[in-house]
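J.: below are the sequence and a predicted model; questions follow.
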Amino acid sequence: MSSAPDTSVENPAPASKPAGRKKKILAGVAVVAIVAVGWFGVSWWTHGRFMVKTDDAYVQADVSLMSSKLQGYVSEIEVKSNQHVAKGDVLLRIDDGDYKIALELAQSKLPTLERTLARIDAQIAAAETSVEQAKAQLGASEAALTNAQTNAKRAKDLAARRVTSQADLDTANETLATAQANRTAAIAAIAGAEADVEVLRAERAESESSRKQLQLAVDQAQRDLEHTVIRAPYDGVVANIAIEEGELVSIGATLAAVVPDHGLYVEANLKETQLAGITPGAKATVVLDADKDHPIEGTVTSIAPATGAIFSLIPADNATGNFTKIVQRVPVRIALPEDQVPLRAGLSAEIEIDRRTSPAEGQTQTASSK
């Protein structure tokens, strides 16, 4: 009995096609991976290894915290929060009644002292006239003394030759003694008049010192009165108004803040391991989280002299207890161009510093010395 041929044997030829396709795909993926790795490697070698990046960066501003030098009640608030102000604009006023009275009181004392100075000047002029009169009297007494000395000598000679009487000689001697006494009195009068002048000049100096003190009191009262009006220190935006009309202001208490329009910068906190090769003058790219589509070109202006931990309220003390090494961060300031769109202090940013643009160390020191 014959059997039919077995036709159920599988044909192995078609199975090789899927395996070959898979190998081609894997080979293609490998080629793409190699090209990608090579491209990234070349990019890192030519560019990436020179770049320093961090997302620990924020827009900062030198915010002015407005406070009062005086104590008093707030009489008027001229601005509102988030209002733009120009330099010199009035922010708020403190009740100035007491300070006006203090100024008027200080000013009222000056005229009296001015009149006192005028009186002393007149007395000095009179005393100086008395000195001149005393000097004139001295001249007259000296002339009389000279005449008396001559007459006394002549009378003495005549009395020796018995040409005149003893009475004439006595009269001549008395006249000479009187002339000497008058000269002594004239000298004493000059000394007394000059002493009077010196006394009056001392009194004037004391009064002049008192006048300067009163003038300083007037100036101080004027300054206190001016400080009752608090003005904006520069162009900016008012924020964080912490006072209401009628409240009592304490000396030194923060009343409001003014954020400047210009001069904003980015402070990036770089790891200590990233600082090598970065110097002031290096170029940086700043990307704000609020506007990622418009990167900003900035310039490194300075590097902090210490890490942020040094300036914390409670610095770390690694000399006691268990020690865990933590990578420290150093603040780096990046200046932004003034023609940028308005920024806001406190915005988060990502920065990228190109080490290749850092000036040489010697050039940096020369530029900083200038």
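T.: Thanks, I have it. Residues are numbered from 1 along each chain as shown.
J.: how many residues are close by Leu214?
T.: Counted with other Cβ atoms under 10 Å, residues neighbouring Leu214 total 18. Yep, even glycine has a C-beta here, placed from its N, CA and C like the rest.
J.: can you give me the distance of it to Lys283?
T.: According to Cβ to Cβ, to the nearest Å, Leu214 and Lys283 sit 60 Å apart.
J.: ok, Tyr58 next?
T.: The value you get for Tyr58 to Lys283, if Cβ to Cβ is used, is 19 Å.
J.: quick one: the helices in this structure, in order.
T.: 16-46, 97-160, 166-226, 361-369 (DSSP state H).
J.: report the angle between the second one and helix 166-226.
T.: This means helix 97-160. Angle of helix 97-160 versus helix 166-226, following axes from the mean of the first three to the mean of the last three Cα atoms, to 10 degrees, is 170 degrees.
J.: who are the packing partners of helix 97-160?
T.: The contact analysis (3 or more Cβ pairs under 8 Å, 6 or more residues apart in numbering; DSSP states H and E) places helix 97-160 against helix 166-226.
J.: which strands or helices does the helix it packs on pack on?
T.: helix 97-160.
J.: check contacts around Val266.
T.: Ala57, Tyr58, Val59, Gln60, Ala284, Val286, Gly298, Arg333, Ile334, Leu336, Ala349, Ile351 (Cβ atoms under 8 Å, 6 or more residues apart in numbering).
J.: kindly recompute the last result at 10 Å.
T.: Contacts for Val266 (Cβ atoms under 10 Å, 6 or more residues apart in numbering) come out as 57-60, 284, 286, 288, 296, 298, 300, 332-336, 343, 347, 349-351.
J.: check Ser207 too.
T.: Residues in contact with Ser207 (Cβ under 10 Å, 6+ apart) are Leu113, Glu114, Thr116, Leu117, Arg119, Ile120, Asp121.
J.: coming back round to it: ok, which of the helices of the chain comes nearest Ser67?
T.: Checking the helices of the chain against Ser67 by Cβ to Cβ gives helix 166-226 as the closest, at 15.1 Å.
J.: now this protein, which segments are flagged as low pLDDT?
T.: Low-confidence regions of the chain, defined by pLDDT under 70, span residues 1-19, 40, 42-48, 163-164, 168-169, 320-321, 340-342, 361-370.
J.: the longest strand in it is where?
T.: strand 291-303 (DSSP state E).
J.: and it, how far from the chain's centre?
T.: Computed by Cα atoms, centre = their mean, to the nearest Å, the chain-centroid distance of strand 291-303 equals 28 Å.
J.: rewinding a little: mind putting the helices of the chain into CSV with distance to Val249?
T.: Below are those laid out as CSV (distance: least, Cβ to Cβ, whole Å):
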stretch, distance to Val249
helix 16-46, 59
helix 97-160, 13
helix 166-226, 13
helix 361-369, 42
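J.: out of those, nearest to Ser68?
T.: Between Ser68 and the helices of the chain, the tightest spacing by Cβ to Cβ is seen for helix 166-226, at 11.1 Å.
J.: rewinding a little: which one (most neighbours) among the contacts of Ser207?
T.: Counting by other Cβ under 10 Å, top hit in the contacts of Ser207: Ile120 with 19 neighbours.
J.: with adjacent residues omitted, what lies nearest to it?
T.: The shortest distance from Ile120 to any non-neighbouring residue, by Cβ to Cβ, 6 or more residues apart in numbering, is to Arg204 (4.5 Å).
J.: cool, and Val59?
T.: Leu347 (4.3 Å).
J.: got it, and Gln166?
T.: In this structure, Gln166 finds its nearest non-sequential neighbour in Ala159, 6.3 Å apart by Cβ to Cβ, 6+ apart.
J.: surely the one you found and Thr171 touch.
T.: No. At 11.1 Å, Ala159 does not count as touching Thr171 under the criterion of Cβ atoms under 10 Å.
J.: what touches both of these two?
T.: In contact with both Ala159 and Thr171: Ser165, using Cβ under 10 Å, 6+ apart.
J.: so what's the residue count around the residue nearest to Gln166?
T.: Counted with other Cβ under 10 Å, residues neighbouring Ala159 total 17.
J.: and for Ile190?
T.: 19.
J.: how about it, what does it touch?
T.: Contact analysis of Ile190 by Cβ under 10 Å, 6+ apart lists Ser130, Val131, Glu132, Gln133, Ala134, Lys135, Ala136, Gln137, Leu138.
J.: ok, the closest residue in space to the last one that isn't next to it in sequence - contacts?
T.: If I follow you right, that is Leu138. In space, and not counting its chain neighbours, Leu138 is closest to Ala186: 3.7 Å by Cβ to Cβ, 6+ apart. Neighbour list for Ala186: Gln133, Ala134, Lys135, Ala136, Gln137, Leu138, Gly139, Ala140, Ser141, Glu142, Leu145 [criterion: Cβ under 10 Å, 6+ apart].
J.: show me which pair in these is furthest apart.
T.: Gln133 and Leu145 (18.4 Å).
J.: more neighbours: those two, which one.
T.: Leu145 (21 against 14).
J.: count of residues packed around the residue nearest to Ser250 when sequence neighbours are not counted?
T.: Among residues not flanking Ser250 along the chain, Gln71 sits closest, at 6.1 Å (Cβ to Cβ, 6+ apart). Neighbour count of Gln71, defined by other Cβ under 10 Å: 13.
J.: I figured Gln71 hits Glu247, correct?
T.: No. Shown here, Gln71 and Glu247 do not form a contact pair, counting by Cβ under 10 Å, at 11.6 Å.
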